[in-house]
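Colleague: missing the sequence, but the structure's below:
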């Protein structure tokens, strides 16, 4: 094919592209989101692939988790009345995890809407969250999210090198390494949240809960406590949690598919 | 008045010193010659008696025959020997003075002058002068000293008697040759005493006998005139100069204002006449200096301005006439005589200007104009008398005319009139081929230009004419520009008229053009200059174009920065686009017409930068990369069309920037058209443009061009990442890698083969890191199995597509096997894993034989060995009894089966190996 014909084809394709864009719904934005997400992908893949270098056994992880849980136990009061509900759902969902370990639920008497997890199977929710969710389906989605963080070793990643190197009597190097790793992995943690949302919906679905309720939690979160993310050019990329609207949108796509084991 | 007397005395002493020095040198020369003549003459060689008759003529040698055999003749060739020349004796040595090295000054004087002559000099001449000087001082003191017994008449009588006696003695003694020098001293003392006495008679109280100042001044002038007349007798400029200085002193001392100033004209005229006739140039200079000095010293007498001007004009005329007459003379005059013109000009102009400024300042510009005309006429006359004698006059004339214009006219009119003056000078220079005048015209034009710029900077006034509104100085500036270009055509010396004209035009354009059009207008002007330079083959126009272009670039930059702050109207974008188009056109013209690669490239870089910025600001964000890619393609095409290598390089760079732009607005863009995402619509054509650029530039042997292959693949790979989602990215990458491998082999493109390897590795890593944990399912199938399966299949396909016995083949095979093993590790646990890996090993072996793929077989064997290890290291300790048994048994069966195959088909296996 001659150069002239190729030139015509190339210029024609470029022109057609511009025309088609003009004819459709134009999204006028320019930011560094693509760079941030690609960086997150690369870091995530590299970290997951090389994570086996600093392998931590389930027993070591349970010991680490117990130590962390004990160190924070005095910082807040627990709500024993709500604990059975949360523990029951937790026990249901933990049947479907990949890495077998004893999962323990904790309810903190605190009005703020929050939930988090620690390595070794410790799942925490606040009483404020319990008051926010409308039913067990939504609560299952939240608990499944936190269980997913433990199951796919997101929680362990933050302490992996400290734990692995402390075994070889080099704790400080591990702490430093983990600190550097956390600083470089800000956008990576956003992908972790998306993955945990999907995996939590998976656990909830397998446990018999209605996964279509779950995106509603994030939509209500967006209205009750609108994120400050999304304002300014760089802020979304330096926040650890993605925008609630984004999470709701992505979770809706996930739960639209049937859950199979 | 004392300072005037001091000046006169100093001048007299200075004149005397030079004369004495000349006399001493003359005496020294004469003495030396006499001395040498008295020495014994050197022995001279006796001259040989020579015939005074001219030697007999040398008979001309007979011409030899031309035949060669003559030279070989047996006869002895006769060689004519010329007659001996008469002996030449050196001329007798000339006596010459050879000073002895190292004698002291006194020794030399003594040797030259001789003891007797030195004493005579001191005693005869020097003491004579000193005596006269002392006597005069004594007389003056006497006149001023008040005796109680002697009144003024008596003192005057005594002084007059002394003066007369000295004069009479001098006249008498002068007749004797021996006492001539002595007589001069007496005469000088006599005249000085008479002069001092006459002055005292009306000016000193102790000797005042004349009450009428005018009478006294007239008497003094008469004495001075007599001195001058007497001095002429000696034909000595020094003597006459002293006398003249005395006369000027008399006028300066005169209490009568009218006499003091009015007598200057006849006195100066008389002295100048003498100076002309006797070639006494110092007298002429003294006359001019003393005349104006006296006028300045006496100050403004309060006369009417017309009277004063007439008087000064008369003086000026006299001195100027004298100077011109001197010009006509054939013999050269000393350098100091040239001071007459500047002294005359300075005195006349300063005094006249001061008078007008004081008495009638409103008409001072008129005086300057009249003086300019005066000096114009003066320059014409001087020019006729001698070549280049007009220069100072014409400079004065033009300066005075400019001064008149500046004082009288204001604003832009002053610039116009200055320009008219400059042009008249230029035309005169052109008409009469006078280079000095041409330079003067250039200076005047420069003054007009400066005035124009000053006016433009100061004045913001606008005028309306013919429906157009413009600054009041704009017509003047355009007129100046027209004049400048006309002069550029006619000039004979390298004066940058063209630059001035172009600068003026650019100034007018800048002031009259609205800001939004300024970039385009100045760029258009640049293009005009450039075309002019091509048409006229004039390098100065091209340089002006470069300068104009720099300003145009700055203007465009300002426009762009302004548009970054606020939305811009369509006309503004049209202006910037037009400027960019013109910029490219000029860049190509510079290259095609004059092969100026560097300038052309700089222009192209600047224009490309502008074009890219304009596209960035004007187009929707998602189409900017498309536009940049199109620009890159066009630049490369233009580079080939016009054989401009740097233009192609700029195009490639633009393409690389288009790739960078994709990260800003394309990969994460959410826009759609008919269900197609805008990132797909835009990224694919941009990738295609990279491939086109690579193919099109294959003639250029630049290693960096391979960059386009990588940019194309990278943009598609990233597009797949965002288009296919987090999970299915690996499928897209695997398929893309497969396609690249096929294309790489077909077109023998090594970069594509490397990209295929890279994509395979990335897909495998991503599978392990992301897909294996993903819980999503698709069409009832778990997503992780579906995607990992496709990736593994693609890897094995690539293995068989890759050339045999090469490393990529091994790489693909190992990667596929490793990935499958990892997947099994994730999906199966405990004893099932051992069985699963065992089955995998078996399948690899089974595939390896018919496919004759050794790596598959080796991988299978390694896997089986690993299973054995796992069995004994892990399963034995950690598994329950039944799973342990199952894993051992299953693996045992597999191993036996493998062993049977190797044994049964030993020969075939040996051939394969």
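Modeller: Ah, there it is. No experiment lies behind these values; they were computed from the predicted model shown. Residues are numbered from 1 along each chain as shown, chains lettered A, B, ... in the order given.

Colleague: packing partners of the strand or helix carrying residue A:141?
Modeller: Assigned by DSSP states H and E, residue A:141 falls within helix A:136-151. Taking 3 or more CB pairs under 8 Å, 6 or more residues apart in numbering or on different chains; DSSP states H and E as contact, the helices and strands that helix A:136-151 lies on are helix A:83-93, strand A:115-118, strand A:122-126, helix A:154-166, helix A:186-206, helix A:214-224. C-betas here are computed from N, CA, C, even on glycine.

Colleague: dump those to JSON lines, plus mean neighbour count.
Modeller: Shown next, in JSON lines, are the helices and strands packed on helix A:136-151 (neighbours: other CB atoms under 10 Å in any protein chain shown):
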{"stretch": "helix A:83-93", "mean neighbour count": "18"}
{"stretch": "strand A:115-118", "mean neighbour count": "21"}
{"stretch": "strand A:122-126", "mean neighbour count": "24"}
{"stretch": "helix A:154-166", "mean neighbour count": "21"}
{"stretch": "helix A:186-206", "mean neighbour count": "23"}
{"stretch": "helix A:214-224", "mean neighbour count": "18"}
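
Colleague: comparing these by mean pLDDT, which bottoms out?
Modeller: When those are compared by mean pLDDT, helix A:154-166 comes last with a mean of 65.

Colleague: on that earlier part again, to residue B:577, which of the helices and strands packed on helix A:136-151 lies closest?
Modeller: Of all the helices and strands packed on helix A:136-151, helix A:186-206 sits nearest to residue B:577, with 38.6 Å by CB to CB.

Colleague: is chain B contacted by that closest one?
Modeller: Yes: for helix A:186-206, a contact with chain B is found by CB under 8 Å from any CB of the partner chain, at A:191, A:194, A:195, A:198, A:199, A:201, A:202, A:203.

Colleague: and that helix, what does it pack against?
Modeller: Other elements packing on helix A:186-206 under the criterion 3+ CB pairs under 8 Å, 6+ apart are helix A:33-50, helix A:83-93, helix A:136-151, helix A:154-166, helix A:214-224, helix A:244-255.

Colleague: including distance to residue B:487, could these go into TSV?
Modeller: Converted to TSV, the helices and strands packed on helix A:186-206 look like this (distance: least, CB to CB, whole Å):
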stretch	distance to residue B:487
helix A:33-50	61
helix A:83-93	96
helix A:136-151	86
helix A:154-166	82
helix A:214-224	77
helix A:244-255	73
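
Colleague: so which of the ones you listed is nearest residue B:853?
Modeller: Smallest distance to residue B:853 across the helices and strands packed on helix A:186-206 (CB to CB): 26.9 Å, for helix A:33-50.

Colleague: and that closest one, how far out from the chain middle?
Modeller: Its chain's C-alpha centre and that of helix A:33-50 lie 14 Å apart, by CA atoms, centre = their mean, to the nearest Å.

Colleague: and stretch B:419-435, by the same measure?
Modeller: Relative to its chain's centre, stretch B:419-435 lies at 27 Å (CA atoms, centre = their mean).

Colleague: what sits up against that stretch?
Modeller: Outside stretch B:419-435, the residues that touch it by CB atoms under 8 Å, 6 or more residues apart in numbering or on different chains are B:394, B:398, B:401-402, B:405, B:436-438, B:440-442, B:444-445, B:447-448, B:476, B:479-480, B:483, B:487, B:490, B:492-493.

Colleague: just to check, residue B:396 is in contact with residue B:373?
Modeller: No: the criterion here is CB atoms under 8 Å, and residue B:396 misses it with residue B:373 at 11.3 Å.

Colleague: more neighbours, these two?
Modeller: Taking neighbours as other CB atoms under 10 Å in any protein chain shown, residue B:396 and residue B:373 compare with residue B:396 leading, 21 against 14.

Colleague: quick one: the closest residue to the more buried one other than its chain neighbours and chain A, what's the gap?
Modeller: Nearest residue to residue B:396, sequence neighbours excluded (CB to CB, 6 or more residues apart in numbering or on different chains): residue B:375, at 4.5 Å. From residue B:375 over to chain A the distance is 72 Å, taken as CB to the nearest CB, to the nearest Å.

Colleague: measure residue B:308 to chain A for me?
Modeller: 82 Å.

Colleague: same thing with residue B:203?
Modeller: Separation of residue B:203 from chain A (CB to the nearest CB): 98 Å.

Colleague: picking that back up, residue B:610: which of the residues of helix A:186-206 next to chain B is nearest?
Modeller: residue A:191 (39.9 Å).

Colleague: now do the strand or helix carrying residue B:378, average pLDDT.
Modeller: Using DSSP H and E, residue B:378 sits within helix B:364-385. Helix B:364-385 shows a mean pLDDT of 90.

Colleague: OK, contacts around residue B:694?
Modeller: Here residue B:694 is in contact with B:705, B:706, B:708, B:709, B:712 (criterion: CB under 8 Å, 6+ apart).

Colleague: apply 7 Å and report the result again.
Modeller: With contact set as CB atoms under 7 Å, 6 or more residues apart in numbering or on different chains, residue B:694 has these partners: B:705, B:708, B:709.

Colleague: skip the chain neighbours and tell me the closest residue to it.
Modeller: residue B:708 (3.9 Å).

Colleague: tell me which parts of the stretch 601-750 of chain B are close to chain A?
Modeller: Contacts of the stretch 601-750 of chain B with chain A, taken as CB under 7 Å from any CB of the partner chain, map to B:620-623, B:626, B:629-630, B:633, B:637, B:663-665, B:667-674, B:678, B:681-682, B:685, B:688-689, B:692, B:695-696, B:718.
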